[in-house]
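Student: need the 3D shape of this:
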Amino acid sequence: MLFGNEIITSRQNPTVVKLCALLDKKERRKNRVFRIDGHKLVSEAVACGAHIELIALCSEKAERFMPLAEKCGAKTGMLSSEVFSKITEEKAPDGIIAVVKYIDEIHKELSLSDIPALASSEKRIMAFESLRDPGNLGTVIRSASAFGVDTLLLSADCADIYNPKTLRGAMGAIFSREIYFCEDLPDALVSCSCEGRRVLA
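Tutor: Below is the predicted model of the structure:
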């Protein structure tokens, strides 16, 4: 559903301002949404059932992506190629940006009540501490997915999983991996061990 019949040509347009603001972690957390750039990531999000709030298309390439936009039922708008090229995070933009709701169903804070079920499950679990570089974190998430790891435990000081660099590095794995954020990762691992889960380092 197009939210405007005209092509957006100003960087001061509210939609463009919102897209740019979501590059900031505070804005993402405040609004509980993040942005993804590029056809691959948007397709992965749609395939995994992520809730897409808005899609912005480069007007020159809009026809190619309209079926995808219609499939997810998101509000869709057209940006001029000049505006789109100014705000995209891609080096070779293919013409689509989406705003997605935080995936709270599989990305959440780890509580003590989660430990027994987590430890007794058959899931493959990996834990990571102080991965502060977003690109590195994205690569780790992608690699974990490739090795069949279902669940990741991240210390609280790890990079934001919704950082654009993390999302690019993860290459879509972010939409299917269960991720827990741990205020005290060592304590969480000790608790898992006490519940019978073998812990290796």
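Student: which helix or strand in the protein has the lowest average pLDDT?
Tutor: helix 62-72 (a mean of 89; mean pLDDT, DSSP states H and E).
Student: what lies in contact with that one?
Tutor: The contact list for helix 62-72, computed with Cβ atoms under 8 Å, 6 or more residues apart in numbering, reads His39, Val42, Ser43, Ala45, Val46, Ile52, Ile55, Leu57, Thr76, Met78, Gly95, Ile96. Yep, even glycine has a C-beta here, placed from its N, CA and C like the rest.
Student: for the residue lying closest to Gly172 once chain neighbours are set aside, which three-state class applies?
Tutor: Nearest residue to Gly172 in three dimensions, chain neighbours excluded: Glu44, at 3.3 Å (Cβ to Cβ, 6 or more residues apart in numbering). Assigned by DSSP: H, G, I helix; E, B strand; the rest coil, the conformation of Glu44 is helix.
Student: low-confidence ranges, this structure, go.
Tutor: 1-5 (pLDDT under 70).
Student: mind checking the longest helix of it?
Tutor: helix 134-146 (DSSP state H).
Student: between helix 134-146 and the next helix or strand after that helix, find me the angle.
Tutor: Helices and strands here follow DSSP states H and E; after helix 134-146, the next one along the chain is strand 151-155. Relative orientation of strand 151-155 versus helix 134-146 (axes from the mean of the first three to the mean of the last three Cα atoms, to 10 degrees): 150 degrees.
Student: give me the contacts around strand 151-155.
Tutor: Residues contacting strand 151-155 (Cβ under 8 Å, 6+ apart): 110, 118, 123-131, 137, 140-141, 144, 161, 177-182, 185, 188-189.
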